[in-house]
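[1] A predicted structure for the sequence below; I have some questions about it.
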Amino acid sequence: MRTKVIDALKSTEFGKEITVKGWVRTRRGNKNVGFIALNDGSTIKNLQIVVDYEKMAEESLKDVTTGACICAVGTLTQSQGAGQSVEVLAKSIEVYGTADDTYPLQKKGCTMEYLRGIAHLRPRTNTFSAVLRLRHNMAYAIHTFFHNKGYYYFHTPLITASDCEGAGQMFQVTTLDLNRIAKGSNPEVDYSRDFFGKPTSLTVSGQLEGELGATALGAIYTFGPTFRAENSNTPRHLAEFWMIEPEIAFMDKDELMDLEEEFVKFCVKWALDNCMDDLEFLNQMIDKGLIERLKAVTETEFMRLPYTEGVKILEDAIKNGKKFEFPVFWGCDLASEHERYLVEEHFKRPVIMTDYPQEIKAFYMKQNSDGKTVQGTDVLFPEIGEIIGGSVREESYDKRMKRIEELHIPMKDMTWYLDTRKYGSCPHAGFGLGFERLMLFVTGMQNIRDVIPFPRTPKNAEY
């Protein structure tokens, strides 16, 4: 029966024979004894397999090289050397799969850019195995948080005929022969012949459908892939990413901000409580201030800041000599550099910015009594900038109709959504959090392509 490496390292059953299986990280030794560092992905730590060459001929171990997959049977014993508390004295070793000297992950440093080119192998590295274990734990924390609060996991469609954000940057879904259309003489596409009989795209958000769930079940959350056809080659953008989007009936702006803060703190604390081995590795190898920053978030009350006050702070900073790449004025959509200044330099803690100008926010947000601003609630984090975008949703049918007409949103795509305002409309609110943005913060990684197993970016759709 196989023992996982993580369990072997915790065991005190010395003298017991165990079987461990995994991949060879390194092999070293002298003419009398060999040492194999074995890892099976269950922990960042390796288990040392000790081979006595008097009992097992070194020649029989020629295929036990870096990257090879092996099965080792031996006796669990207290380690005689530094660096580990237990080790296995091998009785037999079987090689499942060999790896010759062309294996790309030899014992040497690799750049992140190099590893992105071999994304099919990079999960075997210490860095990416740590990131992927943290990714699992963050997903588990998200489901735990909402389940414990009585929210229902609501599955929204990936293929949709509506554009939630109004950005128009969507991936089209079609079964039509595009080559034939391109060669045809008719510029009009006959979508009646398409699979769904109309233009459809991959979703940019599950929010609108999530609102339907909230107005029936009271409180729901979505957690799934979303897609943006933005031609953005930046360390903060992906074409395919995961979103967490709760929608809650009868929630006002203050309650929404409370939820946003509670949720993020819960996830960060989950990482600190359950993933410390991986965090300590990333703190040592990737970001020396990672653990300190994570602890600070869980122990600090978030600043709540109206947009107008935030702009004034930024304008004052400019007057005092602060340089920004992008201009600051009331009505601008704040850039990441502005958000990070407020968080990292001015307040030195996370900020929830509220009450944005209506013109820079989505059509569904509730308008304030001033007629100029809406009840948006964006959470801004150190190193990241915006990590959550939320708002109170406009529940008035008349106000919603007026805004749709102002923005020239096609009514044929909105009738089902407007029914929630015609029949039993209720106050409600929600937010969206990009899962990979959360992962950037929790891992200390610098590029969003390194916190998802197989990144989708412009001109890149490998695997």
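    Received it, and whenever you're ready, just let me know what you need.

[2] List the residue ranges of the protein that fall below the pLDDT cut-off.
    Scanning the chain for pLDDT under 70 picks out the ranges 163-168, 413.

[3] One more pass at 80, please.
    Per-residue confidence of the chain (counting by pLDDT under 80) places the weak regions at 80-84, 162-168, 182-187, 409-414.

[4] any idea which element V20 lies in?
    Element membership of V20, judged by DSSP states H and E, is strand 17-29.

[5] Give me the residues contacting that strand.
    Here strand 17-29 makes contact (C-beta atoms under 8 Å, 6 or more residues apart in numbering) with 1-5, 8, 11, 34-41, 46-47, 49, 51, 64-76, 88, 91, 96, 99, 107, 124. No exception for glycine: its C-beta is placed from N, CA and C like everyone else's.

[6] In contact with K295, which residues?
    Under the criterion of C-beta under 8 Å, 6+ apart, the contact partners of K295 comprise L272.

[7] With just CA atoms, put the helix or strand harbouring it into PDB.
    When secondary structure is defined using DSSP H and E, the element that contains K295 is helix 290-299. Written as PDB, here are the backbone C-alpha positions of helix 290-299 (Å, rounded to 0.1, in the frame of the first residue of the first chain):
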ATOM      1  CA  LEU A 290       4.800  37.600   1.200                       C
ATOM      2  CA  ILE A 291       3.900  36.100   4.600                       C
ATOM      3  CA  GLU A 292       4.200  39.400   6.400                       C
ATOM      4  CA  ARG A 293       1.900  41.000   3.800                       C
ATOM      5  CA  LEU A 294      -0.700  38.200   4.000                       C
ATOM      6  CA  LYS A 295      -0.800  38.500   7.800                       C
ATOM      7  CA  ALA A 296      -1.200  42.300   7.600                       C
ATOM      8  CA  VAL A 297      -4.300  41.900   5.500                       C
ATOM      9  CA  THR A 298      -6.000  39.600   8.000                       C
ATOM     10  CA  GLU A 299      -5.200  41.900  10.900                       C
END
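
[8] ok, now how distant is S162 from W416?
    Using C-beta to C-beta, to the nearest Å, we find S162 at a distance of 9 Å from W416.

[9] Neighbour count for these two, which is higher?
    For S162 and W416, the more surrounded residue by other C-beta atoms under 10 Å is S162, and the numbers stand at 21 against 12.

[10] As a check, name the ranges of all helices in the chain.
    Residue ranges of the helices in the chain, as given by DSSP state H, are 5-10, 112-116, 126-148, 178-183, 207-217, 253-274, 276-285, 290-299, 307-319, 336-340, 397-406, 415-422, 435-443.

[11] what's in contact with the second one?
    The one in question is helix 112-116. When contacts are taken as C-beta under 8 Å, 6+ apart, the neighbours of helix 112-116 outside the stretch itself are 122, 125, 127-128, 446-447, 449-450, 455.

[12] For the residue lying farthest from the centre of the chain, list the residues it contacts.
    In the chain, counting by C-alpha atoms, centre = their mean, E54 sits farthest out from the average C-alpha position, at 49.8 Å. Contacts of E54 were listed using C-beta under 8 Å, 6+ apart, and they are N32.

[13] re the thing from before, go ahead and build a PyMOL selection from the buried members of the contacts of helix 112-116.
    PyMOL command restricting the contacts of helix 112-116 to the buried ones, with burial defined by 16 or more other C-beta atoms under 10 Å:
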select buried, resi 122+127+128+449+450+455
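
[14] Filter the contacts of helix 112-116 down to just the ones in strands.
    Assigned to strands by DSSP state E, none of the contacts of helix 112-116 qualify.

[15] What residues sit buried inside stretch 454-463?
    For stretch 454-463, by 16+ other C-beta under 10 Å, it's 455-457.

[16] which other residues reach stretch 177-189?
    Outside stretch 177-189, the residues that reach it (C-beta under 8 Å, 6+ apart) are L176.

[17] and if we set it to 10 Å?
    Under the criterion C-beta atoms under 10 Å, 6 or more residues apart in numbering, residues 172, 174, 176, 190, 193, 199 lie in contact with stretch 177-189.

[18] could you dump the buried residues of stretch 454-463 to a markdown table with distance to F263?
    As requested, these are exported to a markdown table (distance: C-beta to C-beta, whole Å):
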| residue | distance to F263 |
| --- | --- |
| P455 | 25 |
| R456 | 26 |
| T457 | 28 |
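
[19] ok, now how distant is the closest residue in space to N233 that isn't next to it in sequence from N231?
    For N233, the nearest residue in space outside its immediate sequence neighbours is P458; the separation is 5.8 Å by C-beta to C-beta, 6 or more residues apart in numbering. For P458, the distance to N231 equals 5 Å [C-beta to C-beta].

[20] next one: S391
    With distances taken as C-beta to C-beta, S391 is found 27 Å from N231.

[21] These two: which has the busier surroundings?
    Regarding S391 and N231, a neighbour count based on other C-beta under 10 Å identifies S391 as having more, with 24 against 10.
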